[in-house]
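Trainee: give me coordinates for this.
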Amino acid sequence: MKKCAIILMVFGLITILSYTLVYAATTQPTKAATPAKAATQPAKEPTIADKRAMVKAAKISMVDAIAIATKKVPGTIIDGELEKVSGKNIYSFELVPRAGNIINEVSVDAADGTVISVGDANAADPTENPSAKQETAASEAQDKAEKQALAKAAKISMTDAIGIAAQKAAGTVIVGELLNDKGKTVYTMEVLPDAKTKTTKRVILDATSGTVLSIVNLTAAMIAAETAAEMNAAK
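Mentor: From the prediction side, this is the model:
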């Protein structure tokens, strides 16, 4: 009898323990699933129709906008683009100023030539943590030095380069950039042809002599590949 009683007691304890464990497992609060971060979507590349609409709506040319920007901040334009920002067509420029030690950004309204903003192209992000800020500062210092060297090496201005590219490709320059291509300082221009073509043209010219080095059709596939490469380089 004692043995049976002990067995029954042990069995009862096991049963109670089992129910306790099951209850505890089923009543534990479940951890809310962390929502997945939305993937950063690259800015949509304007279509050829979008580009034609921007050019048609612009009341001043890129050359006129450069004159306005460099009057506001005297210096050398190293990058310029006609783009739509918040529904407004603007010319965005980067320039190396004659005075000061920063790279300036100047935005000009394409409708009336008003200077919309002037800022530091390499302004620090206040939300970055200290270690990230140090890395960013070092990268931006190198970027600034490279752009200053480009501005010094160029013997013809962005304005002159725009004139050459527009004539050679028979159209309107909507993007211009001064850069180093395998040790050579060049201007690369995106030109919207006057003719109703399905692509824009890329004109590359020597920034020291003005010689046209190449003219190619800039296809959507080429633009997509370059955009992807830029995004990967920025990571």
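
Trainee: in terms of pLDDT, where does residue 208 sit?
Mentor: With respect to pLDDT, residue 208 has a value of 97.

Trainee: can you tell me the SS state at it?
Mentor: Put simply, residue 208 is coil when judged by DSSP: H, G, I helix; E, B strand; the rest coil.

Trainee: how near is it to residue 186?
Mentor: 9 Å (Cβ to Cβ, to the nearest Å). To be clear about C-beta, it is placed using only N, CA and C from the backbone, and glycine gets the same treatment.

Trainee: neighbour-wise, which of these two wins?
Mentor: When neighbours are counted by other Cβ atoms under 10 Å, residue 186 comes out ahead of the other of residue 208 and residue 186, with 22 against 13.

Trainee: any idea which helix or strand carries that one?
Mentor: Residue 186 is part of strand 184-193 when elements are defined by DSSP states H and E.

Trainee: what's the answer for residue 66, then?
Mentor: With the criterion set as DSSP H and E, the secondary-structure element containing residue 66 is helix 62-72.

Trainee: what's near enough to touch residue 88?
Mentor: 109, 111 (Cβ atoms under 8 Å, 6 or more residues apart in numbering).

Trainee: roughly how far does it sit from residue 118?
Mentor: Distance from residue 88 to residue 118, by Cβ to Cβ: 17 Å.

Trainee: for residue 165, same thing?
Mentor: With the distance defined as Cβ to Cβ, residue 165 ends up 26 Å from residue 118.

Trainee: who's more crowded, the two?
Mentor: Here residue 165 and residue 118 are set side by side on neighbour count (other Cβ under 10 Å), and the busier one is residue 165, at 26 against 14.

Trainee: state the next helix or strand along the chain beyond the helix or strand harbouring that one.
Mentor: In this structure, residue 165 is located in helix 158-169 according to DSSP H and E. Tracing the chain past helix 158-169, the next element assigned as helix or strand by DSSP H and E is strand 171-181.

Trainee: from the chain's centroid, how far away is that following strand?
Mentor: Once both centres are worked out by Cα atoms, centre = their mean, to the nearest Å, strand 171-181 turns out to sit 16 Å from its chain's centre.
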